[in-house]
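Colleague: Based on what follows, work out the 3D shape:
(one chain, ligands or ions: 1)
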Amino acid sequence: MKGGFKMNDRPVMIEFDNVQKVYPNGTVGLKDIDLKIYEGEFVAVVGLSGAGKSTLLRAINRMHDVTGGDLKVDGQSIVGYKGKELRNLRRSIGMIFQDFNLVNRSSVRRNVLSGRVGYYPTWKSSLDLFSSEDKKRALDSLNRVNMTEKLYTRVDELSGGQQQRVAIARALMQDPKIMLADEPIASLDPLTATAVMDDLLSLNKDLGITVLANLHSVPLAMKYADRIVGLRAGQLVYDKPIAEVSQDDFEGIYSENEAVKEGALNG
Ligand SMILES: Nc1ncnc2c1ncn2[C@@H]1O[C@H](COP(=O)(O)OP(=O)(O)OP(=O)(O)O)[C@@H](O)[C@H]1O
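Modeller: Down below sits the predicted model:
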């Protein structure tokens, strides 16, 4: 375990209790998931394509609703949240995606400030009436990912790695307790991928944000995470702190497809 402390001495930040997700077409996304993520943990979720990694992450901010069991965030059951409770939940959880989800024709500044719109009535944010405190917050967030000098650059003039760092800065504007990263580096070359993972690690270690990242690369999961959980066909088939992980363990997670296993293990 990195850092010399035991994670399970900390409060539970996310708790899956026998969670099920069946999509309307009958596909099972998640089955019998029991999982506790502790405050300040960096957890990597690995598994084959279609194993349920995105479904697991998206259940936490209710982008997907679960169909059975209970899911708690910071001690509160979130499955029945509506209206204001749901908005507050989503504010407290940042998310980044494989394809960045930025507004390409807008500036970096505008994209980052948009991370704060959940705190304003629509008319104020559409008129760019952000407080000076939030403008400073935007600079601080960009500084954390070393992107301050691109403040007025249009997003579509940035590299993929730079765009992902802008997306991280935007998510930081929400002052999140949790950061969900859904295949954050799948579109990036290895060097850029490392820079983005370094940024995620720094907000985990420096700001104490709990990070849950879906990764295809087992070596990167081993390098950055405190703990690896593995899914297979919607079920949790693996859960170990990094100190106990060995590469042979991934047979069970990736055994359906040897080619994918090879690719995943080689980075
Ligand atoms: N909206 C949906 N409707 C029906 N089935 C879905 C939907 N979204 C996902 N699924 C199915 O649920 C299962 C889990 O998908 P999910 O996207 O969570 O897997 P994943 O591990 O994130 O895969 P990938 O690595 O390819 O992103 C898959 O069988 C998928 O086809």
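Colleague: Can you give the distance of stretch 217-225 from its chain's centre?
Modeller: 15 Å (C-alpha atoms, centre = their mean, to the nearest Å).
Colleague: Now do it, average pLDDT.
Modeller: Mean per-residue pLDDT for stretch 217-225: 91.
Colleague: Likewise for stretch 76-88?
Modeller: 95.
Colleague: for stretch 159-166, same thing?
Modeller: 95.
Colleague: now stretch 169-179, how far from the centre of its chain.
Modeller: With C-alpha atoms, centre = their mean, you get 10 Å for stretch 169-179.
Colleague: What residues does the stretch 101-250 of the chain have near the ligand?
Modeller: Residues of the stretch 101-250 of the chain lying close to the ligand (C-beta under 6 Å from any ligand atom): none. (C-beta placed from N, C-alpha, C; glycine too.)
Colleague: can you pull out the helices in the stretch 101-250 of the chain?
Modeller: Assigned by DSSP state H, counting those that start in this stretch, the helices in the stretch 101-250 of the chain fall at 108-113, 122-126, 132-144, 160-172, 190-207, 218-224.
Colleague: now the ones you listed in JSON lines, with distance to residue 31?
Modeller: As requested, these are exported to JSON lines (distance: least, C-beta to C-beta, whole Å):
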{"stretch": "helix 108-113", "distance to residue 31": "37"}
{"stretch": "helix 122-126", "distance to residue 31": "39"}
{"stretch": "helix 132-144", "distance to residue 31": "37"}
{"stretch": "helix 160-172", "distance to residue 31": "29"}
{"stretch": "helix 190-207", "distance to residue 31": "28"}
{"stretch": "helix 218-224", "distance to residue 31": "22"}
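Colleague: mean pLDDT for the ones you listed: which is lowest?
Modeller: helix 122-126 - the lowest mean pLDDT of those, at a mean of 57.
Colleague: The helices of the stretch 101-250 of the chain into CSV, with extra columns for mean neighbour count?
Modeller: Shown next, in CSV, are those (neighbours: other C-beta atoms under 10 Å):
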stretch, mean neighbour count
helix 108-113, 23
helix 122-126, 11
helix 132-144, 16
helix 160-172, 25
helix 190-207, 17
helix 218-224, 19
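Colleague: Relative to residue 21, which of those helices is closest?
Modeller: Distance to residue 21, taken as C-beta to C-beta, is lowest for helix 218-224 among the helices of the stretch 101-250 of the chain, at 22.7 Å.
Colleague: Alpha carbons only: can I get that closest one in PDB?
Modeller: As requested, C-alpha coordinates have been extracted for helix 218-224 and formatted as PDB (Å, rounded to 0.1, in the frame of the first residue of the first chain):
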ATOM      1  CA  VAL A 218      -2.600  -3.100 -16.500                       C
ATOM      2  CA  PRO A 219       1.000  -1.700 -16.200                       C
ATOM      3  CA  LEU A 220      -0.400   1.900 -15.900                       C
ATOM      4  CA  ALA A 221      -3.000   0.700 -13.300                       C
ATOM      5  CA  MET A 222      -0.200  -0.900 -11.400                       C
ATOM      6  CA  LYS A 223       1.900   2.300 -11.600                       C
ATOM      7  CA  TYR A 224      -0.700   4.700 -10.500                       C
END
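Colleague: what comes into contact with that helix?
Modeller: For helix 218-224, the surrounding residues in contact (C-beta atoms under 8 Å, 6 or more residues apart in numbering) are 42, 44, 46, 185, 193-194, 197, 200-201, 213, 215, 228, 242, 245, 247, 250, 264-267.
Colleague: Any chance of a ChimeraX selection covering the buried ones in those residues?
Modeller: Selecting only the buried entries of the contacts of helix 218-224 in ChimeraX, with 16 or more other C-beta atoms under 10 Å as the criterion:
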select :42,44,46,185,193,194,197,200,201,213,215,228,242,245,250,264
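Colleague: Tell me what the residue nearest in space to the middle of the chain is bridged to.
Modeller: Central residue of the chain (C-alpha atoms, centre = their mean): residue 180, 1.6 Å from the mean position. Residue 180 has these beta-bridge partners by DSSP bridges: residue 95, residue 212.
Colleague: residues in contact with it?
Modeller: By C-beta under 8 Å, 6+ apart, the neighbours of residue 180 are 57, 58, 60, 61, 93, 94, 95, 96, 212, 213.
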